[in-house]
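Novice: Got a predicted structure plus its sequence, pasted below:
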Number of protein chains: 4
Amino acid sequence: MDLDAFAAEVARGMYDNDPASQALGMELVEVRRGYARLTMRVREDMANGHAICHGGHIFTLADSAFAFACNWTNRVTVALACHITFTAPARVGDLLVAEARELHRAGRTGTYDVTVRRENGTLVAVFRGNSYTTRGKVVETLPFADELTTAPQPRS
Amino acid sequence: MDLDAFAAEVARGMYDNDPASQALGMELVEVRRGYARLTMRVREDMANGHAICHGGHIFTLADSAFAFACNWTNRVTVALACHITFTAPARVGDLLVAEARELHRAGRTGTYDVTVRRENGTLVAVFRGNSYTTRGKVVETLPFADELTTAPQPRS
Amino acid sequence: MDLDAFAAEVARGMYDNDPASQALGMELVEVRRGYARLTMRVREDMANGHAICHGGHIFTLADSAFAFACNWTNRVTVALACHITFTAPARVGDLLVAEARELHRAGRTGTYDVTVRRENGTLVAVFRGNSYTTRGKVVETLPFADELTTAPQPRS
Amino acid sequence: MDLDAFAAEVARGMYDNDPASQALGMELVEVRRGYARLTMRVREDMANGHAICHGGHIFTLADSAFAFACNWTNRVTVALACHITFTAPARVGDLLVAEARELHRAGRTGTYDVTVRRENGTLVAVFRGNSYTTRGKVVETLPFADELTTAPQPRS
């Protein structure tokens, strides 16, 4: 099985089981190994009185992108710590696009960078997450990625 | 006017104008100079499939507490960057308590620490925020705190 | 054996084997379980041209304090990630005092807060470190702390 | 004047006035607008007993690169807060290469990313710095960059 397709399948299983990301209207646009792209439309109930999106909702979008990017092996991987810098406001009605990429992964720990942008490309926030991989399984009906790659592969 | 009472009044004005914090069910328990305590009950739509609160919602609560603690002078003060470490999960039904305290404030920048705990005291997250004070006013109908303190005070 | 005395003994062994902390003139003032206090005098070769201590040397002092506080069990514990906020300058000749405290420790990960102050108490920096415990031993001639506590203790 | 050449000139003036970076053997390889590349050889007095470079010295190299990248306009720009993640050890004798890039700059605040690598490309650390621009001048004998760009330019 193609590992990028596998990563996308894990993400779909995670998303189906994630009321928080669904309730905020997040959509999975693309997931592959160590990478995720999500969108979220800023709603009125995500804003403060000046129609500026609450920083917490921007963080939540980035954190979800981080989660989809770091759980792709189907081993439950949690956020230990995250850092976010806010660079521009987002407004009600804006479609935000979060892109998460793996910077580093070794043993049980990893580091991921996420950018959040408005549709026009304006950088809204940069996020960096430190992850920790546990022994649990994300999607029970799927194997771990390392079982796939070490298993003998059928010839085409 | 007592400055702690003034801080609480600013916070009340901010809260009334903050649909995001209201929509998440946050309640202002106490605000005084450089300090805020808020609560939020973890709802089902804040959780992932394992009934564990999404880290983003924990961040959002901490970020709101930070905002109430750093805007008390009625000068609009924004988050430049925030760091959060997750130490224990929160579950659907838990009442989370966030407490924000000012560590440092000089010129236009400041630093605030927030803890998020379950009602039983378990530490769920620690958050540190770096703030930047702009020239805007939080609550239009109130003065700036420094105007209060430099104004002649009525004798008792 | 008293665990605080054990922690101090581990720290002494670490320090004897740490040319970097020695070369910067750091001194171990106090170490106990999850706590360390160190000092460092700002030298001319730690400063920039305005006789202000380089932020890197302030970080290094804080990072050493973090290391002494998180390795006390004699299990090699490394820094995964650290965050520092600079709140006031330090000048050549200042004696800096770093105090590290454990905020949280569970399984293989932990979180520590460090403050760096001038002798007069002025806060120079606040530091937060996320640690990860490996299987190695800090001081070969000492046991692990958990071996001490689970071993039968001699009667006094 | 070419702004990249101007940035390099500011950096040279800063470096000549920076005993800390010099004492650690840092060398300025390249500076242009919002970018700096520096090297540092890990010496025995930068290491702990296992011949592993102290994380503080890796931070100091990254912090210097950040400083050269964010002061290029000749306006004194200081670190408000920095975050570093350690991804691999550096050993005595390693030549470390730090590269700093501007992610964002608006008004008085900015955000910079720094990578630290071994000569073979191995990622040793990732660093993110939040900066604040003051009213001071870095190199007294040079103008501010915005004076250059708003002044009428000679025709070629």
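Specialist: Received it, and whenever you're ready, just let me know what you need. It should be emphasised that the depicted structure is a prediction, and the values quoted were computed from it without experimental measurement. Numbering: from 1, shown residues only, chains lettered A, B, ... in the order given.

Novice: Listing partners with orientation, what would you give for the longest strand along chain A?
Specialist: For chain A, the longest strand by residue count, based on DSSP state E, is strand A:123-137. The strands beside strand A:123-137 in its sheet (DSSP bridges) come out as strand A:75-86 (antiparallel), strand A:109-118 (antiparallel).

Novice: Run through the residues that contact the nearest residue to residue A:63 once chain neighbours are set aside.
Specialist: In space, and not counting its chain neighbours, residue A:63 is closest to residue B:56: 4.5 Å by C-beta to C-beta, 6 or more residues apart in numbering or on different chains. To be clear about C-beta, it is placed using only N, CA and C from the backbone, and glycine gets the same treatment. Residues in contact with residue B:56 (C-beta atoms under 8 Å, 6 or more residues apart in numbering or on different chains) are A:20, A:56, A:57, A:59, A:60, A:61, A:63, A:64.

Novice: Tell me the most packed of these, by neighbour count.
Specialist: residue A:61 (30 neighbours; other C-beta atoms under 10 Å in any protein chain shown).

Novice: What residues of the longest strand of chain A count as buried?
Specialist: Neighbour-count burial for strand A:123-137 flags A:123, A:124, A:125, A:126, A:127, A:128, A:129, A:130, A:131, A:132, A:133 (criterion: 16 or more other C-beta atoms under 10 Å in any protein chain shown).

Novice: what do you get for stretch A:42-49?
Specialist: A:42, A:43, A:46, A:47, A:48.

Novice: hang on, the earlier thing: got the strands paired with strand A:123-137 as JSON lines, with mean neighbour count columns?
Specialist: As requested, the strands paired with strand A:123-137 are exported to JSON lines (neighbours: other C-beta atoms under 10 Å in any protein chain shown):
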{"stretch": "strand A:75-86", "mean neighbour count": "23"}
{"stretch": "strand A:109-118", "mean neighbour count": "22"}
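
Novice: Save those as TSV, and put in mean pLDDT and distance to residue D:52 too.
Specialist: Output for those, formatted as TSV (pLDDT from 0 to 100; distance: least, C-beta to C-beta, whole Å):
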stretch	mean pLDDT	distance to residue D:52
strand A:75-86	97	22
strand A:109-118	98	17
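
Novice: between those, which gets nearest to residue C:85?
Specialist: Shortest distance between residue C:85 and the strands paired with strand A:123-137, using C-beta to C-beta, is found for strand A:75-86: 11.7 Å.

Novice: Enumerate the residues of chain A near chain B.
Specialist: Within reach of chain B by C-beta under 8 Å from any C-beta of the partner chain, chain A has these residues: A:14, A:16-21, A:23, A:44-50, A:53-57, A:59-61, A:63-64, A:78-86.

Novice: Among the residues you listed, name the ones in helices.
Specialist: In helices, judged by DSSP state H, the following of those are found: A:14, A:16, A:19-21, A:23, A:55-57, A:59-61, A:63-64.

Novice: For those, work out which two are farthest apart.
Specialist: Spatially, the most separated pair among those is A:16 and A:55, at 27.7 Å (C-beta to C-beta).

Novice: Of the strands paired with strand A:123-137, which is nearest residue A:92?
Specialist: Closest of the strands paired with strand A:123-137 to residue A:92 is strand A:109-118, at 12.2 Å (criterion: C-beta to C-beta).

Novice: quick one: that closest one to chain centroid distance?
Specialist: 8 Å (C-alpha atoms, centre = their mean, to the nearest Å).

Novice: Quick check: which ranges of chain A have low pLDDT?
Specialist: Residues of chain A meeting the criterion pLDDT under 70: A:149-156.

Novice: Nearest residue to the middle of it?
Specialist: Of all residues in chain A, the one closest to the mean position by C-alpha atoms, centre = their mean is residue A:65, 1.7 Å from it.

Novice: hang on, that one packs against residue A:35?
Specialist: No. Using C-beta atoms under 8 Å as the test, residue A:65 is too far from residue A:35 to be in contact (9.3 Å).

Novice: so what sits against both of the two?
Specialist: Common neighbours of residue A:65 and residue A:35 are listed as A:99, A:100 (criterion: C-beta under 8 Å, 6+ apart).

Novice: on that earlier part again, and which of the ones in helices among the residues of chain A next to chain B is nearest to residue D:119?
Specialist: Looking across these and measuring by C-beta to C-beta, the closest to residue D:119 is residue A:63, at 35.0 Å.

Novice: Would you mind confirming that the closest one makes contact with residue A:127?
Specialist: Yes. When contacts are counted by C-beta under 8 Å, residue A:63 is listed as touching residue A:127 (7.4 Å).

Novice: shared neighbours, these two?
Specialist: By C-beta under 8 Å, 6+ apart, the residues touching both residue A:63 and residue A:127 are residue A:82.

Novice: residues of stretch A:5-17 that come out buried?
Specialist: For stretch A:5-17, burial by neighbour count (16+ other C-beta under 10 Å) applies to A:6, A:7, A:8, A:9, A:10, A:11, A:13, A:14, A:15.

Novice: Would you convert those residues into a markdown table that also reports distance to residue C:74?
Specialist: A markdown table is the format used below for those (distance: C-beta to C-beta, whole Å):
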| residue | distance to residue C:74 |
| --- | --- |
| A:6 | 41 |
| A:7 | 40 |
| A:8 | 44 |
| A:9 | 44 |
| A:10 | 39 |
| A:11 | 41 |
| A:13 | 42 |
| A:14 | 39 |
| A:15 | 43 |
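
Novice: Taking those together, which two end up most distant?
Specialist: The most distant members of those, if one measures by C-beta to C-beta, are A:6 and A:15, lying 15.0 Å apart.

Novice: gap between the longest strand of chain A and the chain center?
Specialist: Worked out by C-alpha atoms, centre = their mean, strand A:123-137 lies 8 Å from the chain centre.

Novice: what do you get for stretch A:8-26?
Specialist: Worked out by C-alpha atoms, centre = their mean, stretch A:8-26 lies 10 Å from the chain centre.

Novice: With stretch A:2-19 instead?
Specialist: 11 Å.

Novice: mind exporting it as PDB, just the C-alpha atoms?
Specialist: C-alpha atoms of stretch A:2-19 as PDB (Å, rounded to 0.1, in the frame of the first residue of the first chain):
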ATOM      1  CA  ASP A   2       1.200   3.500  -0.800                       C
ATOM      2  CA  LEU A   3       2.200   5.200   2.500                       C
ATOM      3  CA  ASP A   4       0.700   8.500   1.500                       C
ATOM      4  CA  ALA A   5      -2.600   6.900   0.800                       C
ATOM      5  CA  PHE A   6      -2.300   5.100   4.100                       C
ATOM      6  CA  ALA A   7      -1.700   8.400   5.900                       C
ATOM      7  CA  ALA A   8      -4.800   9.800   4.300                       C
ATOM      8  CA  GLU A   9      -6.800   6.800   5.400                       C
ATOM      9  CA  VAL A  10      -5.700   7.200   9.100                       C
ATOM     10  CA  ALA A  11      -6.500  10.900   9.000                       C
ATOM     11  CA  ARG A  12     -10.000  10.100   7.600                       C
ATOM     12  CA  GLY A  13     -10.600   7.700  10.500                       C
ATOM     13  CA  MET A  14      -9.300  10.200  13.000                       C
ATOM     14  CA  TYR A  15     -11.500  12.900  11.600                       C
ATOM     15  CA  ASP A  16     -14.600  10.800  11.700                       C
ATOM     16  CA  ASN A  17     -13.900  10.300  15.400                       C
ATOM     17  CA  ASP A  18     -13.200  14.000  16.200                       C
ATOM     18  CA  PRO A  19     -16.300  16.000  17.000                       C
END
